[in-house]
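**Student:** Requesting a structural model of the entry that follows:
(one chain, ligands or ions: 1)
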Amino acid sequence: MAVLAIARDDVSAEFFDGTARGELLLRKCLKCGHINAPHIEACIRCASPELGWQAAGGTGRVQTFAVVHLRGDPPSRLVVAKVGLAEGPWIDAQIVDVDPDQVHIGDEVTLDFETPEGGEAVPVFRIADR
Ligand SMILES: [Zn+2]
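**Tutor:** Sure thing, here's the model as predicted:
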């Protein structure tokens, strides 16, 4: 199933510079060291706005997910999940190359990237070998 295109803006530019290099960048707090999700503007532990970037290691687990049914001929389905990264933060991403009926909460996933036509490279996940 196709990955939907996303366009960058001023706020997301550094994040998408990272995805273009094959890195999922997280926000590391420069004050307390907590690893935050990429879209965070202040640390969720100490509220400091002083945040750096750190690349995720690329593993995580499905915390929850939804199957989106798309109109078309034939109709198709895609899986959108909240993935809990090994570093702690949860991010929203598609799970690709999987039968939606075979996705389970708790599945191990690994990071990859896809670049849909007309969009930025976006992080996606694949189910790790069972
Ligand atoms: Zn902090």
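**Student:** Hmm, residue 76 is touching residue 70, no?
**Tutor:** Yes. Contact criterion CB atoms under 8 Å: residue 76 and residue 70 qualify, at 4.9 Å. C-beta coordinates here come from the backbone N, C-alpha and C atoms, glycine included.
**Student:** Surely residue 87 touches residue 25?
**Tutor:** No. Checked against CB under 8 Å, the pair residue 87 and residue 25 is beyond contact range at 11.2 Å.
**Student:** burial of the nearest residue to residue 51 once chain neighbours are set aside, as a residue count?
**Tutor:** Leaving aside its sequence neighbours, residue 51 sits nearest to residue 27 (CB to CB, 6 or more residues apart in numbering; 4.2 Å). Neighbours of residue 27 under the rule other CB atoms under 10 Å: 22.
**Student:** Point out where the chain drops to low pLDDT.
**Tutor:** 1, 130 (pLDDT under 70).
**Student:** Could I get the full set of strands for it?
**Tutor:** 25-29, 35-36, 51-55, 59-70, 76-85, 90-95, 108-114, 122-127 (DSSP state E).
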